[in-house]
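A.B. asks: predicted model and sequence follow; I will ask about them next.
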Amino acid sequence: MTQNTGVCKYCGQMRIVQLSEDKFYTQAEIDNIAVSECDCDVAKILRKRTMAYGNLRGKLNERMPDEHIDEKEKHIKNLILDAAKLMSETYIDSISITSGQESYSLSLTPKITYKFKIKSTEVESMEA
Ligand SMILES: [Zn+2]
């Protein structure tokens, strides 16, 4: 192990981070490690969001496994995951996608979990 100093880009705090000796780290990588260990509010929230993104990906893969969904659903799933990734890194709280008669929405709750909803606007009617 070796040590170097990284800076949290959110609060500017300098941190001494432990590094593996047999790997070369750029300053950006060292700074990312500093962020991942920093205890400032923004770094904490972003860590929770990253964890929530991992959970969402796992759940979506369970609910919409690639081998059981069609092309359209694959596009939707990929869009949702891309959006969730961006949401985990930025300040976007919710998005929605409409395709035909379905609408999909994804939001980050105050507890920092993702809520994913599928709504069909198809109206069932009958005439007799
Ligand atoms: Zn920080």
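C.D. replies: The structure has been received and is ready for your questions.

A.B. asks: only C-alpha atoms from now on, for both contacts and neighbour counts.
C.D. replies: Will do.

A.B. asks: by contact count, what packs against the longest helix anywhere in the chain?
C.D. replies: In the chain, assigned by DSSP state H, the helix with the most residues is helix 41-63. Contacts defined by 3 or more C-alpha pairs under 8 Å, 6 or more residues apart in numbering; DSSP states H and E place helix 41-63 against helix 27-37, helix 71-89, strand 114-120.

A.B. asks: what lines up beside the last one in the sheet?
C.D. replies: Looking back up the chat, that one is strand 114-120. Next to strand 114-120 in the sheet, as set by DSSP bridges, lie strand 102-108 (antiparallel).

A.B. asks: who's in contact with the strand it pairs with?
C.D. replies: Applying C-alpha atoms under 8 Å, 6 or more residues apart in numbering, the contact partners of strand 102-108 are 80, 84, 87, 93-98, 114-122.

A.B. asks: next: stretch 65-81.
C.D. replies: Counting by C-alpha under 8 Å, 6+ apart, 57, 60, 64, 97, 106 sit against stretch 65-81.

A.B. asks: per-residue pLDDT, the fourth one?
C.D. replies: I take that to be Ile97. pLDDT recorded at Ile97 is 92.

A.B. asks: number of nearby residues for it?
C.D. replies: 13 (other C-alpha atoms under 10 Å).

A.B. asks: was I right about Glu21 contacting Met1?
C.D. replies: Yes: between Glu21 and Met1 there is a contact at 5.2 Å, judged by C-alpha atoms under 8 Å.
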